[in-house]
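1. sequence? don't have it. structure:
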């Protein structure tokens, strides 16, 4: 394979053509063909170094307007860049002799090349060859050559030396075999008199640290350079080298995320330096943002270092300073520094104990609320809403103070302060409900008043608050204000602003979902209005159509099915046509519409299943919203093919792409599609079965998707498939029966599912995803029963216990190493850490739900596991733990004892002692679950004595007289449940004459409807054993049960109550008729309707 003159001439002509606008397209196309041949790399090398080439070029383009020397340099550089693009493909197709010669020539050219741009282009060719040769032990002479460049007087060699180290260290660890010498080389580079050498050395050190982050011994040598690194970043700041500074912070980011224990030693100094940069108002905002973003990475990955280095107080001062300083600037939504500070505050609240964050800031927040400083008042709502993500439990305890401060914001004379307060109301509605709804009577009027403002931009915030506040509002709290809300929303729909109309539609959606059948009077008018929006095709107003589609689904649930069924064909036709428009927002909300409609109508929607399934699956698997970020080189060539894929090489691709960009609405659409698929599988189980296999294939990859939202939804979809398969292959199981036959299709699906669950529980880093996995397992257990899950029960139990002990991977992956590696093996158990308690609450809650479902299915057989786990669970009831965790554990233990139905005597004293102490807890949540537990414990323990009964009654009955009892309906309900269970278990131990009137006076059950069954059992027993004591209260009891029958009860509970009332009618005759006739009209109607069925 030799070079022919014609080959040289053809390439020369094309290179020249690429410099002429009129011939560039033709030259590029021809050059693409010529460069397919391996010999072309040798020609390009010859052209780079050949003096004859320069003369030819000079003669050929002498008539051009460009100077000959300039054009010659450009084409030589162009040749080097082309060689860089092609050499990895050609390398294996040229002879060994040619490869040896080419390597030697490249090093010689690099040393002799007078033009810096071409010298760098040659260096990039050398880098590509190194990435091919060095890993296989070839080109041994290169590394000595690279190291000796530091001795060159010309600083360009030292600059490019560090540049080559930077790139090579990202891919080839052999470059740093002599780490001591390399560290010294970096030290010299960081002390180099030439600034460009220093900046390149900074980048090279960054590559080395990231590459060897797993190797303690190697990276320690580089970490010793940290003081020099920081000094050089300061020099870059002084010289306004913002890009270099930002890249250094990216290096710090990766260092923190590496989980390397040794970084604990250097991080405090980096953090202090970052505080200085973030606070420096004279620096470019982009540099300050980089510093804040780095601090945020530390907060999320190494919070203990901040705490243990006493840097948290300074951090709070910094972040609050950035927020208050930015608050008075215009266009807050465009102020990236202000936004970054807000995000960091959110993560501070999530990662640190509320004792270290919320409590110290509460006093400051109150000062801000009363301040005359506008910046303080504008900032306050942002501070509250960001802290609500992580400090929700503490805010529940301080809800009055929080709402008071926010309401002051709603009344602030400054519009920005008011609109921030409305956004804060929206966040609080999500994070501290239902406590915030105690203040509906003052929040609704404030929102209504502001909706009259003519400023649409301001009204948008009010609408956002209204929508969020309505989303979790219970029906009974909504009904009194429903007419007023609908009137206000109607006025908003008449405005010209499209966004205001969108939020108004979202508000109607929330209202309909909350009001349910009470929305019926508004259905016709809203339906007609929505129908008019569903034909919109104008892109400027298409989002109105999207919101109308979503709203249509919500209102369809508010009327009887037969009223909406005639419209279904047209609605489905419109929705499918809308998907063809390719608008992400419309697609997402159409999927939301499908979720509601298919859930509501179930198998009646089967005719539409095939088309909808294919559309959903396509969106679920689509990657259209992902974009590779291509790194732009200084000398970019458009139109030249990259042929490396032909040889299987991917080095060029790795180098040219720096990451992924993700469209947010793409993820929203994808999540909505997967969620809808889950709904279809769950609500149309038999019709969906033919699609199960196709969906399973998709879920295998979706459960490992890079974004946690997709993994989250995929897990929910996985558990829904179980419903479909079990509908076609039923399992008739009984509690505790591990011998039930399990159909083979169910076995196969469970094997697949639990492989995914086990992987998630073992390796997943996001606690929300792990929580979803536990919830999915709980749903699966409920569907298939004990025999089907028996093969997986041991693994599930271990994962649950890992969460209880704080050993789950998602709990430990970001846990800082506070000791060196040599000491780590001495630590049998991680130390308890208050910072992790709050963030682990949701995780513990769903792990507990999983445990309860397994106990429910297993019955008596769960006793052994309960005994094994009890000691670990009881550790979490220590009062120093957050009350939400204490309540979760006590509630879980109580639920397990309730469902496994065994004698609790072996655990009685331990649990009795814990709960009696917990009855005195400040938290209503802890007190109520303690009442629940004591009732279960006494009912299920043969060892319970009269003294225990009396002690419990003396402890819980005064709680009914508590000054705050009106705000603690759940506490009252659980006290009633406890009393009811004691009456049922041992009425002889209860002073009924004194207790019964008080008991009946606090009934009916208001919130915790599960307790109605226990109350009924107690009353039924009293009529059987203590008729004389209970019969005088029959009128009151009938009224109580009339109220209960109006609630959403389990069928068996309803049947028991109705049967009992019929028995009373038979026993008391005319007296019972008189009792019923004297009931309030609604209760009388309920009783008569139920007993006549």
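-> Arrived safely, thanks for sending. Everything numeric in this text was worked out from a predicted model, so none of it was measured.
2. contacting residues for the residue lying closest to residue 891 once chain neighbours are set aside?
-> Closest residue in space to residue 891, ignoring its immediate chain neighbours: residue 929 at 4.1 Å, by Cβ to Cβ, 6 or more residues apart in numbering. Placement of C-beta: from N, CA and C, glycine included. By Cβ atoms under 8 Å, 6 or more residues apart in numbering, residue 929 lies in contact with 887, 890-891, 894, 918, 974.
3. gap between residue 929 and residue 921?
-> For residue 929, the distance to residue 921 equals 10 Å [Cβ to Cβ, to the nearest Å].
4. likewise residue 145?
-> According to Cβ to Cβ, residue 145 stands 72 Å off from residue 921.
5. again with residue 991
-> For residue 991 relative to residue 921 (Cβ to Cβ), the value is 26 Å.
6. ok, those two, which is more surrounded?
-> residue 921 (17 against 10; other Cβ atoms under 10 Å).
7. what about the nearest residue to that one once chain neighbours are set aside, how many residues nearby?
-> Among residues not flanking residue 921 along the chain, residue 927 sits closest, at 5.8 Å (Cβ to Cβ, 6+ apart). Residues within reach of residue 927, counting by other Cβ under 10 Å, total 26.
8. wait, what's in contact with residue 927?
-> Neighbour list for residue 927: 918-919, 921, 959, 971 [criterion: Cβ under 8 Å, 6+ apart].
9. redo the residues you listed as a markdown table? Include distance to residue 801 and pLDDT.
-> Conversion of the contacts of residue 927 to a markdown table gives the following (distance: Cβ to Cβ, whole Å; pLDDT from 0 to 100):
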| residue | distance to residue 801 | pLDDT |
| --- | --- | --- |
| 918 | 23 | 95 |
| 919 | 28 | 94 |
| 921 | 25 | 90 |
| 959 | 33 | 86 |
| 971 | 30 | 90 |
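10. quick one: which of the residues you listed sit in helices?
-> Among the contacts of residue 927, the ones falling in helices (DSSP state H) are 918, 971.
11. of the contacts of residue 927 - the most surrounded one?
-> Of all the contacts of residue 927, the most densely surrounded is residue 971 (25 neighbours; neighbours counted as other Cβ under 10 Å).
12. ok, it to residue 401 distance?
-> The value you get for residue 971 to residue 401, if Cβ to Cβ is used, is 21 Å.
13. now residue 152
-> Separation of residue 152 from residue 401 (Cβ to Cβ): 67 Å.
14. next one: residue 907
-> In terms of Cβ to Cβ, residue 907 sits 40 Å off from residue 401.
15. cool, and residue 409?
-> Distance of residue 409 to residue 401, given as Cβ to Cβ: 13 Å.
16. again, but for residue 140
-> Going from residue 140 to residue 401 by Cβ to Cβ gives 71 Å.
17. swap in residue 337?
-> Counting by Cβ to Cβ, the gap from residue 337 to residue 401 is 29 Å.
18. with residue 221 instead?
-> 53 Å.
19. the more surrounded of those two?
-> Counted by other Cβ under 10 Å, residue 221 and residue 401 do not tie: residue 221 has more neighbours, with 19 against 14.
20. after the host helix or strand of the more buried one, which helix or strand is next?
-> Per DSSP states H and E, residue 221 falls inside helix 216-223. Using DSSP H and E, the helix or strand that follows helix 216-223 in sequence is helix 226-238.
21. what is the rounded mean pLDDT of that following helix?
-> Across helix 226-238, pLDDT averages out at 93.
22. and it, how far out from the chain middle?
-> How far helix 226-238 lies from its chain's middle: 36 Å, per Cα atoms, centre = their mean, to the nearest Å.
23. same check, this time on stretch 479-489
-> Per Cα atoms, centre = their mean, the centroid offset for stretch 479-489 relative to its chain is 34 Å.
24. for stretch 717-727, same thing?
-> On Cα atoms, centre = their mean, the centre of stretch 717-727 falls 24 Å from that of its chain.
25. in the helix holding residue 221, what's buried?
-> Under the neighbour-count criterion of 16 or more other Cβ atoms under 10 Å, helix 216-223 has 218-223 buried.
26. next, format the residues you listed as TSV and append distance to residue 121 and pLDDT.
-> Shown next, in TSV, are those (distance: Cβ to Cβ, whole Å; pLDDT from 0 to 100):
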residue	distance to residue 121	pLDDT
218	31	79
219	32	79
220	36	81
221	32	84
222	29	84
223	33	85
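27. and which of the residues you listed is nearest residue 25?
-> Nearest to residue 25 among these: residue 222, at 47.9 Å, using Cβ to Cβ.
28. hang on, that closest one packs against residue 184?
-> No. Residue 222 is beyond contact range of residue 184, at 11.1 Å (criterion: Cβ atoms under 8 Å).
29. tell me the secondary structure at the nearest residue to residue 275 once chain neighbours are set aside.
-> Nearest non-adjacent residue to residue 275, counting by Cβ to Cβ, 6+ apart: residue 318, 5.4 Å away. When classified by DSSP: H, G, I helix; E, B strand; the rest coil, residue 318 comes out as helix.
30. what residues are up against residue 318?
-> Residue 318 touches 275, 278-279, 295, counting by Cβ under 8 Å, 6+ apart.
31. good, wrapping up.
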